[in-house]
Structure formats: C-alpha cells, structure tokens
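J.: here is a sequence with its predicted model. Questions after.
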Amino acid sequence: MIKELESKKIEIDRAIDEYIKKYDGELYEMVNYALKDGKRLRGIVLLLTAQAFNGDYEKALRLAVSAELGHAASLVHDDIIDKSTERRKRPTLWKKYGVEKAVIIPHLLISESLEIARKEGPEFLKVGLNTWSKASMGEYFDIMAMESKNWPDIDYVKLIALKSGSLFEGAAHIGALCSEEGKKMVTDARRYGMALGIAYQLTDDLIGYLNEKEGGGSQDLFSYYLKREIGEKLDLSLVIGFLVFKVMKEFDIIRTSVLFEKSEYLKLFPIFSVLEIMKENGDLYSLVKEVLGSYI
C-alpha cells in the first residue's frame, strides 16, 4: 500500500514539476513553493479511481495535476485568511513573500487548473468549476466561523463537506470520468470522495484542537461542535471516542461504494489518510490505528 501510494505521489510530483517549468524567476519560486511538499492525497484518489474503472491513466495523471493545483490554491488562500504563519514545517507563502504577492498565486493556480480540465473535455471543466465553487463557499463559512457569535448558525459538517469534502469528491468524480465504465459510477465515486474528505477534515480539526495549533474557522467551530454533541466535560477518551464514531460513520458510506470492492488501495486509503494526520501524535496514532483496523 505505502509503496503504491508513494509511487503515485512521485508521478504527480514529476508531472507538476514539468508543468510549472514555463514560469521564470520569482514567479516560478512562488508557484513551486506553494506546490512543494504536498501529500497529493486528492491527486492520488483521482488516479486510483481512474485505475479502478480501467480509465485512461495518462489523462488521469494530467487531471491529477489539475486537482493538486486547485488544492494548493485553496491552501494559500486559507493561510492568508487564517493568518497562519507555518505550513508543512516552513513559513507559509504569504509569510515568506508577503500578502500582496501571495494573494496573486491562487488566482494563477486555479486558472491553470481549470485550463487543464478544459483541454481534457467540457465534462472535466464542469466538475472543476463546481468543485471550486463549493470550496469557495466552504471558505466563506470558515471565515464566518472565526467569530464565536456565528457558531450556533453554522453547520460544522456542512462547512467541512464544502471546504474539504468537495475537493476529494471532485477528484473521485474526475477519476471516474476517465473511462466509460466509470461514467456509469459517478454518483458512487462522488459519495466515496465526499465521505473520505469529511473524515479527513474531522481528524485534522481534532488534532489541531488537541495540540492547540493555529487553525481556521472549522477548527474553532469544532470545539463548539464537540460540546454540543458530548457535553461540556471534554474528557480525552470521550473526545477520541466521538471522533472514531464520526469517522466510522463516514467509513460505513465508503464500505458501500463500488470503489471499496474494486480497488484494494481505495479500500485501505481512508485509513491511510486519517493516520497520516496523526503521525506526530504517537499515542493517538496507535489507538486510532487499532480501532480503525475493524474497518476492513
């Protein structure tokens, strides 16, 4: 599993490097910096979905680049809005180059992302536009959630479905469209991607909450969501139990997906993606890994 995912990541990284060679000077530096060191999870989901449905792999690889450009664009915006100073253990783009320059890069990345999709066909462009629209709306709710007075009016799960779930949903959707077989299973692929994205963001917000890291609105809202669901006494065991329960609900959706049966990698990928977030939290990692083992 790890070797396969690493192989996919290397393929996407190489394709991205080749694509951004057209930029020069500081512009290349900033584009490369924004894209550097990503996990490529969304691109990998796209490739694995295309493979599961016997799709055109070269087309899927080009579209994986599109997905990762779009994701990188959302992260740059996210860091500016949240005033986050660090990502992937290095200064965020805006902190290194300044807000004025950094704010331009997402516009460049998303236009490039959509241009790749357009070249592959109108159906891919349509998914790209729809995904960016959902992610943008999620970002709006994320901003609103930075103020506690708005928390009672914001649906946390809806927020993370738009902010994060939509990107995984779009990736799986596009992967399915890379073959005739997959086009018949688009709804199934989208459900898989959305459930994966929600589980991923739930875990990410929990880790940020426990470690008191810099976070955005969804992480701030998570604490309110926790108290509303399990009460004021936020005992660690209750919090972890709550997370596992919520993640397993999303995994139950994934288990009903055709992709779960068609691809051993997509069967295991949800566990891998959740545990990736927990790597630096040893005790939690071991606990959640053991619990999630029941998933398969």
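T.: Okay, I see it.
J.: how about the contacts made by Ile277?
T.: 200, 203-204, 207 (Cβ atoms under 8 Å, 6 or more residues apart in numbering). For every residue, glycine as well, the C-beta is placed using N, CA and C.
J.: quick one: Lys183 from Gly121, how far?
T.: 11 Å (Cβ to Cβ, to the nearest Å).
J.: swap that for Arg88, please
T.: 33 Å.
J.: Leu284 now?
T.: 43 Å.
J.: neighbour count: those two, which is higher?
T.: Leu284 (21 against 12; other Cβ atoms under 10 Å).
J.: re earlier: of the contacts of Ile277, which is the most crowded?
T.: Going by other Cβ under 10 Å, Tyr200 tops those with 24 neighbours.
J.: give me the element that one is part of.
T.: Here Tyr200, judged by DSSP states H and E, is contained in helix 186-211.
J.: list the buried ones in that helix?
T.: 186, 188-209 (16 or more other Cβ atoms under 10 Å).
J.: same check, this time on stretch 127-138
T.: 127-128, 131-132, 134-135, 138.
J.: same deal with stretch 277-293?
T.: Those would be 277-278, 284-285, 288, 291-292, for stretch 277-293 by 16+ other Cβ under 10 Å.
J.: again, but for stretch 48-65
T.: In stretch 48-65, counting by 16+ other Cβ under 10 Å, buried: 48-53, 55, 59-65.
J.: what does that stretch contact?
T.: Contacts of stretch 48-65 (Cβ under 8 Å, 6+ apart): 8, 11-12, 15-16, 19, 40, 42-44, 46-47, 116-117, 120, 124, 171-172, 174-176, 178-179, 181-182, 185, 189, 192-193, 259, 262-263, 265-266, 269.
J.: show the end-to-end separation of that stretch, please.
T.: Stretch 48-65 has its terminal residues 14 Å apart, counting by Cα to Cα, to the nearest Å.
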